[in-house]
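# Let's see this in three dimensions:
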Amino acid sequence: MTKFRWLILFGPLVLFAALVVFLLKGLGSDPTELDSALIDEPVPQFEASDLYDTEVLYDQSILQEGPVLMNVWATWCPTCRAEHEFLNELASRGVPIVGLNYKDDSRQKAVKWLNTLGDPYVINLFDPKGKIAFEFGVYGAPETYFIDHKGVIRYRHVGDVNQRNWSNKLQGIYQQLVEEAK
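Residues are numbered from 1 along each chain as shown. Below you'll find the model as predicted:
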């Protein structure tokens, strides 16, 4: 009986302490730093049609001519819309970006979106069911993958690409990939 008495007295306290430690650990984490098993791995094999022309098919080889950014976007994603102007700016500076249109139910809606907001993508892949995104380990849009000249995923950014995070971190990663490609 005395063994159970200690459990009854201190069990809730131990459980509470474990919960506090778990929650405090989460407070210190950065939600844009999601681990990816694909970092330093070749891009997954895939085949996808072009967003504009269903007759044009692409495979993973388009991501082996890097460095290149692969940006996962969707018309239903408000954060994608927020980052889009900056992606247009990056494209105008010569940063090659491949778009992966993620889980949009309509090509026409996606094309209209790009015609309205501008198209920063050198190639735009259509992934209506999210199969390609799944192979990359996408959690949601937007996500941007930095892929080197050998077709190896070197970095994954979760969330929007904007002037602040480009200047603070992402530009350095991209510039390193450019230097390595020389």
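# what about the most centrally placed residue in the chain, distance to Glu180?
By CA atoms, centre = their mean, the chain has its centre lying nearest to Glu143, at 2.0 Å. According to CB to CB, to the nearest Å, Glu143 stands 22 Å off from Glu180. (Glycine included, C-beta is placed from N, CA and C.)
# And Trp73, by the same measure?
From Trp73 across to Glu180, the span is 26 Å (CB to CB).
# Those two: who's more crowded?
Trp73 (29 against 13; other CB atoms under 10 Å).
# Quick check: next helix or strand after the one helix or strand in the chain whose mean pLDDT sits lowest?
When each helix and strand of the chain is scored by mean pLDDT, DSSP states H and E, helix 2-27 comes last, with a mean of 54. Sequence-wise, the next helix or strand downstream of helix 2-27 (DSSP states H and E) is strand 41-42.
# Can you give me the neighbour number for Arg93?
Neighbours of Arg93 (other CB under 10 Å): 7.
# what pLDDT does it get?
The model reports Arg93 with a pLDDT of 97.
# Look up how far Ser106 lies from it.
31 Å.
# Can you pull out the low-pLDDT segments for this protein?
Applying pLDDT under 70 to the chain picks out residues 1-37.
# where do the strands sit along it?
Taking DSSP state E, the strands of the chain run over residues 41-42, 47-50, 57-59, 68-73, 97-102, 123-127, 143-147, 152-158.
# Distance to Glu89 added to those strands, as TSV?
TSV is the format used below for the strands of the chain (distance: least, CB to CB, whole Å):
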stretch	distance to Glu89
strand 41-42	29
strand 47-50	24
strand 57-59	25
strand 68-73	13
strand 97-102	11
strand 123-127	18
strand 143-147	14
strand 152-158	16
